[in-house]
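Participant: Sequence below, structure please.
(one chain, ligands or ions: 1)
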Amino acid sequence: MSVQIAARTLATYPMLEKLVAFDTTSWKSNLELIAFVQDYLEGLGFQTQLTYDDDRRKANMLASIGPLDRPGVILSGHTDVVPVDGQAWDSDPFQVTERDGLLFGRGTSDMKTFLAASLALAPEFIQRGLERPLYLALSYDEEVGCIGVRRLIAELPALPAKPFLCIVGEPTEMRIIIGHKGKKSMRCRVHGLECHSALANQGVNAVEAAAELVAYMKTMQRRLRDHGPHDHEYDPPYTTIHTGVIQGGTALNIVPRECLIEFEIRNLPDDDPEALFAEIRDYALTRLEPEMKAVHPEAGFTFEEVNFTPGLHMAAEDEATAFVAALTGANNTSGRVSFGTEAGLFQDAGIPTIICGPGSIEQAHKPNEFIAIEQIAQCESFLRRLMDRICRPASA
Ligand SMILES: [Zn+2]
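Facilitator: Okay, the predicted model is just below:
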């Protein structure tokens, strides 16, 4: 038996309608949304600080209110959404549409509802009297590698007091998530020497050299799978190494000069992605390159990091875990997830960080993305319990 809640009675609803209406697909500007939120929060008395991308087309916003000389709480989320191109939607993705207790729209789960709830309830935090500061952190370019938030995090050491907690409201159906794998993405260019394939011995075949490296990474993957380290809180319970792109060669009768491969390492806390990458590079440089260079001194491998996002590794016994568990009500067991978030970057900056937000990752990135109205109600209750912890006690 579930009780039907009228969406329009929830404080979050009008704010969610507003946020969804801004098309903040990652490759587009988010400045209109940021300007709207900045105007709204400054009207409530927040201080706001923007950090921009190089082209000043996108911005992060850190908004703060309360006694800033004390440690406070950050509520954090990304403003960007994934594209709707090529997806079959039954309604306008940039207009919230209600059907059967669900609200449809791009970003309803990932993750504008958490932002909307935080913004909509900000006046209540203020009315209740903040005894600790409240920070709202809105980022850009999360969906394309957690790019934007790094500039916001770089400003946090300038705060008068370090926040004691960050809650990243990615969709977890309001369960508390204390870990996810890190991810290191690499691009490798293999440089060979072109010649007629009839004289293959006079050339350096970049495709074959790349294939040998890919095959070596596959042997590493089998080793990690079979011999660990293992951590059964993760699925799969080992570090993964995966090649996603290989491009090279122009014609069958030409020894290929160039080959490009892109691969990634998604690591458990017990694995060091740098050490795994060093093993891959060493194999390329010491086992494969000498033979290539013997034919052509300029042949060889070059590696370039495309992205690195650290994992989140909070302990179940951590105070922050217990603090957030208490906010969720009955549903308070912690878990770990396979998708990456900005949370590891906050933890790397020394701020205990937990992921907990409304909606489900199952709906994220798909056509007809939705949020259950009941999830919004749960998120509002969660934020009101946070008020109980960081605002003045209600007078008896
Ligand atoms: Zn997200």
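Participant: what's in contact with stretch 47-66?
Facilitator: Stretch 47-66 is touched from outside by 29-31, 34, 37-38, 41-42, 44-46, 72, 122, 125-126, 130-141, 147-149, 151-152, 154-156, 159, 390, with contacts defined as C-beta atoms under 8 Å, 6 or more residues apart in numbering. Where you see a C-beta, it was placed from the backbone N, CA and C, and this is true even at glycine.
Participant: Contacts only, for the residue in the stretch 151-300 of the chain positioned nearest to the ion.
Facilitator: The minimum distance from the stretch 151-300 of the chain to the ion, using C-beta to the ion, falls at residue 170 (4.9 Å). By C-beta under 8 Å, 6+ apart, the residues touching residue 170 are 77, 110, 111, 114, 177, 339, 341, 343, 355, 357, 361.
Participant: Could you pull up the residues touching the most centrally placed residue in the chain?
Facilitator: Centroid check for the chain by C-alpha atoms, centre = their mean gives residue 341 as the closest residue, at 2.5 Å. Listed by C-beta under 8 Å, 6+ apart, the contact set of residue 341 reads 142, 146, 168, 170, 180, 312, 355.
Participant: count of residues packed around residue 132?
Facilitator: Using other C-beta atoms under 10 Å, residue 132 is surrounded by 18 other residues.
Participant: Can you tell me the SS state at it?
Facilitator: Look at residue 132: counting by DSSP: H, G, I helix; E, B strand; the rest coil, its state is coil.
Participant: who's in contact with it?
Facilitator: Residue 132 neighbours (C-beta under 8 Å, 6+ apart): 66, 67, 70, 71, 72, 73, 164, 390.
Participant: make it 10 Å
Facilitator: Counting by C-beta atoms under 10 Å, 6 or more residues apart in numbering, residue 132 touches 66-68, 70-73, 161, 163-165, 389-391.
Participant: Among those residues, which are located in strands?
Facilitator: 73, 165 (DSSP state E).
Participant: want to throw the contacts of residue 132 into CSV with distance to residue 261 and pLDDT?
Facilitator: Formatted as CSV, those follow (distance: C-beta to C-beta, whole Å; pLDDT from 0 to 100):
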residue, distance to residue 261, pLDDT
66, 50, 98
67, 52, 98
68, 48, 97
70, 50, 98
71, 45, 97
72, 45, 98
73, 43, 98
161, 46, 97
163, 40, 98
164, 43, 97
165, 40, 98
389, 49, 96
390, 49, 97
391, 53, 97
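Participant: circling back: can I get the buried ones among the contacts of stretch 47-66 as something I can paste into PyMOL?
Facilitator: Buried subset of those, written as a PyMOL selection, criterion 16 or more other C-beta atoms under 10 Å:
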select buried, resi 29+30+31+34+37+38+41+46+72+122+125+126+130+132+133+134+135+136+137+138+139+140+141+147+148+149+151+152+156+159+390
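Participant: ok, the residue in the stretch 51-200 of the chain positioned nearest to the ion - contacts?
Facilitator: The ion sits closest to residue 110 of the stretch 51-200 of the chain, with a gap of 4.0 Å, by C-beta to the ion. Going by C-beta under 10 Å, 6+ apart, residue 110 touches 77-78, 80-82, 142-143, 169-171, 339, 357, 359-361, 363-366, 369, 371.
Participant: got it, and residue 296?
Facilitator: 191, 192, 193, 194, 195, 202, 203, 204, 257.
Participant: again, only this time at 8 Å
Facilitator: Contacts for residue 296 were tallied using C-beta under 8 Å, 6+ apart; they are 192, 193, 203, 204.
Participant: Now it, what are its backbone angles?
Facilitator: Backbone torsions of residue 296, given as degrees, to the nearest 10, read phi -150, psi 110.
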